[in-house]
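*Asks:* Based on what follows, work out the 3D shape:
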Amino acid sequence: MKTRLIALSLMTVFSASAWAADPAPANAGGSKRHETAQRWKAADTDKDGAISKQEAEAAKMQHLSGNFDKLDSNKDGKVTHEEMRAARKAHKAGKQ
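*Replies:* Just a heads-up that it's a prediction; the model follows:
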């Protein structure tokens, strides 16, 4: 049950977290991707390209802040796009 809750939380984070470095396609999904990239950019108040737990909380990114310690794989107090991609890849690998 705990694994399912974590998986569900991660899926939500991944669907709402920025894959901003990727160009958005010209379809409806691209619109969401653009919106997510803008939300990440707005949350990144110190403009270092990563989101701290405080930034996630201030931006009301509940799934990111709630799973922050799991997503911050190098434990530097920031979640980067690369850490998000790695967690997404690990999550997908676990589903297969």
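
*Asks:* Spell out which helix or strand contains S31, please.
*Replies:* Secondary structure from DSSP states H and E places S31 in helix 28-43.

*Asks:* A86: how many residues sit nearby?
*Replies:* For A86, the count of nearby residues is 13 (other Cβ atoms under 10 Å). No exception for glycine: its C-beta is placed from N, CA and C like everyone else's.

*Asks:* how close does it sit to V79?
*Replies:* A86 sits 10 Å away from V79, going by Cβ to Cβ, to the nearest Å.

*Asks:* now do D48
*Replies:* 11 Å.

*Asks:* which one of the two has more residues nearby?
*Replies:* V79 (29 against 11).

*Asks:* Quick check: the more buried one touching N67?
*Replies:* No: using Cβ atoms under 8 Å, V79 is not in contact with N67, being 9.1 Å away.

*Asks:* what about the strands in the chain?
*Replies:* 51-52, 78-79 (DSSP state E).

*Asks:* Turn these into TSV, including mean pLDDT and distance to A58.
*Replies:* Converted to TSV, the strands of the chain look like this (pLDDT from 0 to 100; distance: least, Cβ to Cβ, whole Å):
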stretch	mean pLDDT	distance to A58
strand 51-52	98	9
strand 78-79	97	14
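
*Asks:* okay, those in a markdown table with distance to A37 next?
*Replies:* What follows is those, written out as a markdown table (distance: least, Cβ to Cβ, whole Å):
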| stretch | distance to A37 |
| --- | --- |
| strand 51-52 | 12 |
| strand 78-79 | 15 |
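
*Asks:* looking at those strands, which is closest to A90?
*Replies:* For these, the distance to A90 is smallest for strand 78-79, at 14.2 Å, taking Cβ to Cβ.
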